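Trainee: got a sequence here, can you model it:
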Amino acid sequence: MSVVPPELLDDIVREIDDLESLKACSLVVSTLRHTSQRILFNSLTIDIKNFTAIRDLLTGSPHIAHYVTSLRALLAGLDVESFGRILPKLQNVRKCFLDGVWYSSRRSSAPLRSGIPPIILDFLTRQPLRTLGLMSIHIPIAVLRNLVKIIPTLYFLAVGIEDGADAVPAHTVSQPPVERFALNSLFLIGNDVGQFLAHPHNISCVAALRHLSVRPQGSGWAGALIEGASSTLNHIEFNCSSYPPPALPHLPALRTVGFTFSGQIIPSARAEIISQTANVLSTLAVPQMSPALAKIMIIQELARDGAFDPSPYLPLITMLDKALAAYPIPVSIGWTLRLNDGETQFKHFADSVRRGMPKAHSVGRLLLEAYVPSTTRIKKVGGYSYYS
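Mentor: Model prediction:
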């Protein structure tokens, strides 16, 4: 071992993608231990089930805490004070996700959003975070304003906003405008944060935004965010579970736009959302609106009954084929269908899209994929990718 350069040993260990092999390497010799442990403990998930073991590990082997750059904490049931004693050991976290569903009302079994305890807020302000995700949690307005200034990538899922001890609707809060911003990517589901960021006092925080992923709520904030970031946006993704996307303004830097249609809503409602989405996308027929557009991605999630009816998509398919033909450089379209059952449904789907988009199909710009979540093997059906 001594004749092998340490850098080469490190490179060899980094090529190992098997968890058990990495564990074995960490126990063989000291020359492999630290590199193996650095990979094994790069990402750490803490919840009520493993909390005691992780606390003992970080206490007995304090050097491991320095390897943790990605932290996910499921706060349900965790003792805040005990959890807080672990946090000072973690000083190199770059990516952090906090799930705040950790208590229920006495009157209801439904989980409620908790606030962020001061000890955790202090931890977040001390870390050189590049990515932060918050789910089902309340945060103070002052904290939110600071996060969008200093963290490039933010995920907000069902996050509420509070001002001091009392919750205040985001759109009613009067604050000085945000003057500096680092926000590059924003993934957002929930009205409170959306309305806050879309407020005229705060809209400047998205002025450098390049990636936006939203679930429109029908209150207009999604359109305001797109307008505020229109000069820099490269990628937009819409989860059209409840509402269609807003109208698209002039987006000179836009490269890709994606749409996900839920299979968990009733067919008539889904058909209406798809129809309205087709109307929104009709602006793409004017290439000057999005001159850099290179790809459109559409995902249809599993239906409740596992069936797939392509008929609601026909107006969208026809409109896209006509609109994309207007671009001097052909735009690609990727269409993914998530299925419970495979080949028959997918063939029907692929044939329908191929007939509806003859121009895109003829120039080889149409990519159709089917994905069955239970497996990851790839099949080819009629020349298209099929995951089963």
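
Trainee: please name the residues that touch Gly223.
Mentor: By CB atoms under 8 Å, 6 or more residues apart in numbering, the contact set of Gly223 is Pro246, Ala247. Any C-beta I mention is one placed from the backbone N, CA and C, and that applies to glycine too.

Trainee: let's see it at 6 Å
Mentor: For Gly223, the contact set (CB atoms under 6 Å, 6 or more residues apart in numbering) comprises Pro246.

Trainee: pretty sure it sits in a strand.
Mentor: No - secondary structure of Gly223 (DSSP: H, G, I helix; E, B strand; the rest coil): helix, not part of a strand.

Trainee: what's the pLDDT at it?
Mentor: Looking at Gly223, its pLDDT reads 94.

Trainee: hey, where'd the helices end up in this structure?
Mentor: Counting by DSSP state H, the chain has helices at residues 6-14, 19-28, 30-40, 51-60, 80-86, 118-126, 141-150, 191-198, 221-228, 267-281, 314-324, 343-356, 358-362.

Trainee: export those to a markdown table and append columns for distance to Asn234.
Mentor: Formatted as a markdown table, the helices of the chain follow (distance: least, CB to CB, whole Å):
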| stretch | distance to Asn234 |
| --- | --- |
| helix 6-14 | 30 |
| helix 19-28 | 35 |
| helix 30-40 | 31 |
| helix 51-60 | 38 |
| helix 80-86 | 37 |
| helix 118-126 | 27 |
| helix 141-150 | 19 |
| helix 191-198 | 18 |
| helix 221-228 | 12 |
| helix 267-281 | 18 |
| helix 314-324 | 18 |
| helix 343-356 | 26 |
| helix 358-362 | 22 |
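
Trainee: contacting residues for Ala142?
Mentor: With contacts taken as CB under 6 Å, 6+ apart, Ala142 has no neighbouring residues.

Trainee: picking that back up, who wins for proximity to Ser242 among the helices of the chain?
Mentor: The minimum distance between Ser242 and the helices of the chain falls on helix 267-281, with 7.9 Å, by CB to CB.

Trainee: what sits up against the closest one?
Mentor: Helix 267-281 has contacts (CB under 6 Å, 6+ apart) with Cys240, Pro244, Pro245, Ala247, Pro312, Pro315, Leu316, Met319.

Trainee: quick one: Val257 and Ile236 touch, right?
Mentor: Yes - Val257 is within contact range of Ile236, at 4.9 Å (criterion: CB atoms under 6 Å).

Trainee: what's the neighbour count on the closest residue to Gly77 other than its chain neighbours?
Mentor: With sequence-adjacent residues excluded and distances taken as CB to CB, 6 or more residues apart in numbering, Gly77 is closest to Ile48, at 3.9 Å. Ile48 has 14 neighbours, counted by other CB atoms under 10 Å.

Trainee: next one: Gly190
Mentor: Each residue near Gly190 was counted by other CB under 10 Å, and the total is 21.

Trainee: what does Ile273 give?
Mentor: A count of nearby residues for Ile273, using other CB under 10 Å, gives 22.

Trainee: so where's the stretch 201-350 of the chain shaky on pLDDT?
Mentor: 302-308, 339-343 (pLDDT under 70).
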